[in-house]
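Colleague: Okay, structure incoming, though there's no sequence with it:
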């Protein structure tokens, strides 16, 4: 089997109602570059990368297109050679930013192709450790919601079968922020996992103060309290609080994760499939976490992250963010324990819907 063509398609997936965030402003759309690797045997691998509100999407699209020469003529069984050659090819541009995002699109589609060619889900292609993965609802409980809205939405997630969820806090008026988190805890009870995300808005002192105020709420973790590159500051917060600190979604490749592990900057690491540069690097990052005995969660991309986490001994929670659902034929299903079930379907187990692509196409 040989890869004969790289195809791409830009789609714009609306987020309605828009999400009000402190760091990114109003999030109105998740705009994707869908990537397809066609073969001479009629099997196609699929993957995607994205941008928010169409910002710099054209640059990402062009980066993906410019990596075509890495895969044309490739036997998918030799997929490991793509990253080996990419590290040399991308050296001049560097190993962060758009070059790595472009590589992620290629690697995502390549892993899907390899799974389909073998007739195996990616989890089973690697060697699954479990048939399902704990997951948390991440698509709601935003800063723009009132306390009443927070409680209704939180109860709704429990009714849908989720056994964990995430809400957000900001750097101002800590008493009010803790009140909002407490209201969510009240709505879901003591046995549902509750995460809190500060989206990198706080100082070290602010994070420690509000973190101590939230300790009695039995949080699963306190996520990204300060700017992502301040690993020393993250380590100070982690040492000061009993609540676990989660971070890592904004660093690039397994080397970025390694720096965080060396700094002991977080209790839970959450590599982002896009910023890792695809599954090849994501798996490296997860194995580093295992070596340091640090749990590995995921950031976004639930349809692709699910099989990867299922195959990793040190995996923790899957972030269930529904931004990309509209482009897929299938949906993630939960078992009775609220875990996301790994499908038996080959590749990622989730395939793009041609009708949806046409509907949302650029």
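Modeller: The structure has been received and is ready for your questions. Quick caveat: nothing in here was measured; it's all calculated off a predicted structure.
Colleague: Can you tell me the SS state at residue 142?
Modeller: When the structure is reduced to helix, strand and coil (DSSP: H, G, I helix; E, B strand; the rest coil), residue 142 reads as coil.
Colleague: which residues touch it?
Modeller: For residue 142, the contact set (Cβ atoms under 8 Å, 6 or more residues apart in numbering) comprises 19, 20, 21, 167, 168. Every residue, glycine included, has its C-beta placed from N, CA and C.
Colleague: Correct me if wrong: the fourth one contacts residue 185.
Modeller: No - contact between residue 167 and residue 185 fails when scored by Cβ atoms under 8 Å: they sit 9.3 Å apart.
Colleague: which residues do those two both contact?
Modeller: Between them, residue 167 and residue 185 share these contacting residues under Cβ under 8 Å, 6+ apart: residue 194.
Colleague: Comparing the two, which residue is more hemmed in?
Modeller: Each of residue 167 and residue 185 has its neighbours counted (other Cβ atoms under 10 Å); residue 167 has more, 25 against 20.
Colleague: contacting residues for the more buried one?
Modeller: Contact partners of residue 167, counting by Cβ under 8 Å, 6+ apart, are 141, 142, 150, 154, 180, 181, 184, 194, 195, 196, 197.
Colleague: Give me the average confidence score over whichever helix in the chain runs longest.
Modeller: The helix of greatest length in the chain, counted in residues with DSSP state H as the criterion, is given as helix 98-118. Model confidence over helix 98-118, given as mean pLDDT, is 96.
Colleague: Buried residues in it, which are they?
Modeller: Using 16 or more other Cβ atoms under 10 Å as the test for burial, helix 98-118 gives 98-117.
Colleague: Could you do stretch 280-297 as well?
Modeller: In terms of neighbour count (16+ other Cβ under 10 Å), stretch 280-297 has its buried residues at 280-286, 288-289, 294-297.
Colleague: tell me which of the residues you listed is nearest to residue 31?
Modeller: Compare each of those with residue 31 using Cβ to Cβ and the shortest gap goes to residue 282, at 22.1 Å.
Colleague: The closest one is in contact with residue 269, isn't it?
Modeller: No - with contact taken as Cβ under 8 Å, residue 282 and residue 269 are classed as non-touching, separated by 11.2 Å.
Colleague: Mark which of the contacts of residue 142 are part of strands, please.
Modeller: In strands, judged by DSSP state E, the following of the contacts of residue 142 are found: 19, 20, 21, 167, 168.
Colleague: The residue nearest to residue 190 when sequence neighbours are not counted - how many residues pack around it?
Modeller: Of all residues not flanking residue 190 in the chain, residue 218 sits nearest, at 6.7 Å (Cβ to Cβ, 6 or more residues apart in numbering). For residue 218, the neighbour count with other Cβ under 10 Å is 13.
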